[in-house]
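Visitor: how would this look folded up:
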Amino acid sequence: MTVWVVSGACRGVGKTWLAQRLSQILPQAVCAKIGHNPRKQGRAGDYFTSVGGFLGFLESLRGCRHCVVESNRLALRGYGDVVVFIDAPRDARGVRKDAPTLRARAGIVIERNPQVVVWRRVVGPAVGDPSTADAVCALFQQQVRFISRA
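Guide: All right, here's what the predicted structure looks like:
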């Protein structure tokens, strides 16, 4: 199973949106989140407040090829087969102090100046199918437009 970890520089960069859409594009995928706050209604995926709880869930999955998890904690620990970091908009407030570390540990950085060639190099082997890889990179492009407008 390929574990995709979505992290971000601050609140409001679209981590949840990206994780949910990514799990819809990837074949046989589930979506999860590790967070501190109570789960918000209407959010898809399994919610965990601890890394241990998530890892137990991960071990229980059968027949899944991909697990997309929104988690800065996992990204900081270097966990995940594909780690995605969403950069902050230009004038963002509340940027995490550990954002440079999250960025450095990510294989894919979504920022105002997209690195599509790097994305394809990371995504291609993770998904195996060129059309799915194209769809994932197109999703990342949508996320870049969101950052640029914010």
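
Visitor: ok, the spatially most central residue of the chain to Cys137 distance?
Guide: The C-alpha lying nearest the average C-alpha coordinate of the chain belongs to Val6 (Cα atoms, centre = their mean; 1.9 Å). Going from Val6 to Cys137 by Cβ to Cβ, to the nearest Å gives 15 Å. Bear in mind the C-beta positions are built from the backbone N, C-alpha and C, glycine included.

Visitor: now swap in Val117 and tell me
Guide: Using Cβ to Cβ, we find Val117 at a distance of 10 Å from Cys137.

Visitor: tell me which of these two has more neighbours.
Guide: For Val117 versus Cys137, neighbours defined as other Cβ atoms under 10 Å are more numerous around Cys137 (18 against 8).

Visitor: which strands and helices lie in contact with whichever helix or strand the more buried one is part of?
Guide: In this structure, Cys137 is located in helix 130-149 according to DSSP states H and E. On a contact count with 3 or more Cβ pairs under 8 Å, 6 or more residues apart in numbering; DSSP states H and E, helix 130-149 meets helix 15-25, strand 82-86, strand 108-110, helix 116-127.

Visitor: recalculate using a threshold of 6 Å.
Guide: helix 15-25, strand 108-110, helix 116-127 (3 or more Cβ pairs under 6 Å, 6 or more residues apart in numbering; DSSP states H and E).

Visitor: most packed of these?
Guide: Neighbour counts (mean count of other Cβ atoms under 10 Å) averaged over each of the helices and strands packed on helix 130-149 peak at strand 108-110, with a mean of 22.
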